[in-house]
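Colleague: Structure, please.
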Amino acid sequence: MKMSNKNSSRLLSPYTKGWLLLVMCFSMVFTQAQNSSLDSTTVINVEPYKPFLNEAHKIKSNPVIQDTFKIIPQLRYSFLEKNMPVSFNIDTIKHAKVVGEPLTKLYRGYAKVGYGTNGTTVADVFYNSTRNRDYAWGVHAGHLSSSGLKDVGRSAFSDNHFGLYGKKFSRQFTWKLGFDYDRNAVHYYGIPDSLPVQYTPSEGIQQQLLNKYTGVFSLSRNFTDTNQFDYNADVKYYHLKDVFGVSENNIQVDGRFNKYHKRELYELGVKVNYNKLTNDLELKSTTSVGLIPQISTQTSKWKFNLGAGLFVNSQQLLEEENDFHFYPIAEFKYNIVDDIIIPYVGIKGGIINNNFNTFFAENPFVNADVLGVLNSNQKYDIYGGIRGSISDKISFKTSVSKQKIDNQPLYVKEHATVLQNKFNVIYDEITFFNINAEIAYQQLEKIKVLFTADYFAYEAAKELEVWHKPEFKTMVSGIYDLSDKILVRLDVFVLGKQYAKIYTTTATTEGIITTPEAKELGGLVDVNVGFEYRYTKKLSAFINFMNIGSVEYEKYQDYATQRFNILGGLTYSF
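Modeller: Residues are numbered from 1 along each chain as shown. This next block holds a predicted model:
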């Protein structure tokens with residue numbers, strides 16, 4: 001059914017018509033507004049929507065409570081004692097063991113025999129106990145002889161030795177007993193070339209034969225506690241007699257007592273020496289007694305020692321002397337770098353005991369019949385130097401010193417006899433300056449090298465020179481071990497020139513005038529090389545080449561030493 005617009009308009013109320021009219025007016029206005037503000041640009045968004053918030057404006061100030069009344073609580077603590085029962089069981093554990101290098105096997109015996117040019121014969125036998133906590137003992141017998149030089153008459157010599165010792169160890173003490181017998185023979189072959197032929201015998205040159213018996217006893221307390229008193233004592237006695245009836249008896253006692261108190265070590269040394277020489281001079285005995293109190297203190301960096309030597313010396317030569325001597329003793333060491341550089345400086349002095357035994361050991365051609373014995377007085381020995389180590393293989397030591405010694409023994413050829421082949425001992429006051437240097441290198445047991453050098457500047461108070469004292473001495477010694485199978489040894493000795501006292505006679509109208517002069521004795525370069533081949537650990541063979549340069553040298557005036565010689569032999573351990 002269709003209805004005309006006319007009829008439909010009639011159906012609307014006046015109120016409805018008004019609202020429709022109003023809506024139509026707003027629609028037209030809104031449509032017109034949109035049409036007027038729409039841009040013709042097309043925007044295509046290809047990213048997702050990312051919402052964000054604008055930065056908020058925060059209030060930065062914190063609220064503060066304005067309160068003038070504060071309450072501070074009082075805290076109190078208390079402990080509640082309650083014993084908790086604890087029980088445990090002790091189990092035994094095995095003691096710790098330090099595993100180190102295995103001990104080298106020790107053999108009880110060692111024998112060495114050899115023979116060489118100039119009829120040189122050598123033999124040594126050692127027999128000892130092995131490792132033992134309670135005791136140690138040993139026996140030694142040795143022989144060395146040679147027929148000597150062929151062009152100077154009879155110059156044979158021989159040295160024989162027999163010794164035994166025993167030691168007893170306890171927790172606190174060590175005892176030692178020893179006995180030695182020595183038999184030494186030499187010939188006075190040092191006859192001057194200036195003597196006429198009829199005074200130069202080729203045979204029957206006088207022989208000196210010396211027999212010496214020595215006994216030793218020592219007691220030392222093992223230093224187990226620094227709070228306890230420590231001490232040791234050594235007593236030595238010997239009797240010797242030569243082929244001419246000269247005899248000597250000597251007793252020497254050395255003791256030391258010390259104790260630590262805090263960092264200081266207090267020590268008292270005692271030295272007693274009695275010597276009686278019986279010969280044609282019929283002099284009295286020489287006796288020296290000394291007390292040496294010392295105190296030392298140290299830290300990890302330095303050590304200082306201070307003391308004094310108080311000696312009484314009784315002796316007789318031209319007149320009887322009983323003198324008291326005082327010697328300052330001081331030494332300071334400073335460890336700059338841990339055992340790498342250690343400088344030191346000090347001063348000391350004392351009595352040096354002389355006797356026929358020490359003279360014979362240094363110069364066996366002394367005339368014992370007219371020998372007078374005096375002890376030497378070392379007035380001072382001022383020294384300083386540096387010692388240390390460059391690495392674990394190289395160590396060194398250098399020093400300089402100046403000494404003054406009164407009654408220094410010097411050897412002078414006797415000129416009043418026909419053969420002039422013996423030495424008299426004279427005494428003089430000497431002053432000398434010494435420079436010493438030592439360097440040692442060791443690479444385990446494979447390579448060992450030692451170098452030493454000494455320079456001396458002597459000055460005598462009465463004599464023209466300090467007789468038979470070389471100006472310098474140098475020594476180089478080395479051992480090379482090739483796989484513990486072949487050993488090579490090298491020894492080089494260099495001695496500077498020295499002087500001997502001679503007399504010249506001049507005939508004048510007033511008579512014959514004898515004038516002392518100084519004769520220069522040349523130096524020496526002595527090179528020795530030795531080889532040892534170890535066939536087994538027990539058996540080895542050796543050969544030594546001595547004085548390879550065949551240098552002629554007079555250690556003492558008119559007493560030439562042997563030139564080039566060879567010595568070979570075997571060694572055996574059992």
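Colleague: So what sits opposite K212 in the bridge?
Modeller: In this structure, K212 has beta-bridge partners D182, L240, where bridges are defined by DSSP bridges.
Colleague: likewise the one 4 residues further on?
Modeller: The partner list for V216 in beta bridges (DSSP bridges) reads G178, K236.
Colleague: That one and I251 touch, don't they?
Modeller: No: look at V216 against I251 with CB atoms under 8 Å: they stay out of range, at 11.6 Å. Backbone N, C-alpha and C define where each C-beta goes, glycine included.
Colleague: How about the contacts made by Y383?
Modeller: For Y383, the contacting residues are 345-348, 399-402, by CB atoms under 8 Å, 6 or more residues apart in numbering.
Colleague: Comparing V216 and I251, which residue is more hemmed in?
Modeller: V216 (17 against 14; other CB atoms under 10 Å).
Colleague: Run a quick neighbour tally on F433.
Modeller: 13.
Colleague: Which helix or which strand is home to it?
Modeller: Using DSSP states H and E, F433 sits within strand 423-443.
Colleague: K348 too?
Modeller: Under DSSP H and E, the secondary-structure element containing K348 is strand 341-352.
Colleague: For G549, what are phi and psi?
Modeller: Taking degrees, to the nearest 10, you get phi -80, psi 0 for the backbone angles of G549.
Colleague: which residue packs closest to it, ignoring adjacent ones?
Modeller: In space, and not counting its chain neighbours, G549 is closest to V527: 5.8 Å by CB to CB, 6 or more residues apart in numbering.
Colleague: Now do the contacts for the one you found.
Modeller: Residues in contact with V527 (CB under 8 Å, 6+ apart) are 490-492, 547-549.
Colleague: out of these, which are buried?
Modeller: Using 16 or more other CB atoms under 10 Å as the burial test, those include 491-492, 547 as buried.
Colleague: where along the stretch 251-400 of the chain do the helices fall?
Modeller: If DSSP state H, counting those that start in this stretch is used as the criterion, the helices of the stretch 251-400 of the chain fall at 356-362.
Colleague: still on that earlier bit, chain center to the strand holding K348: distance?
Modeller: Average the C-alpha atoms of strand 341-352, do the same for its chain, and the two points are 15 Å apart (CA atoms, centre = their mean, to the nearest Å).
Colleague: CA atoms of stretch 216-233 as CSV?
Modeller: As requested, C-alpha coordinates have been extracted for stretch 216-233 and formatted as CSV (Å, rounded to 0.1, in the frame of the first residue of the first chain):
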residue,chain,number,x,y,z
VAL,A,216,144.3,-34.7,70.4
PHE,A,217,141.3,-34.5,72.7
SER,A,218,138.2,-32.4,72.2
LEU,A,219,134.9,-31.9,74.0
SER,A,220,132.1,-29.9,72.6
ARG,A,221,128.6,-29.4,73.8
ASN,A,222,125.9,-29.7,71.1
PHE,A,223,124.2,-26.4,70.7
THR,A,224,120.6,-27.6,71.1
ASP,A,225,119.0,-24.7,73.1
THR,A,226,120.0,-21.0,72.9
ASN,A,227,118.9,-20.5,76.5
GLN,A,228,121.6,-22.9,77.8
PHE,A,229,125.3,-22.4,78.4
ASP,A,230,127.4,-23.6,75.5
TYR,A,231,131.1,-24.5,75.6
ASN,A,232,133.8,-26.5,73.9
ALA,A,233,137.5,-27.3,74.6
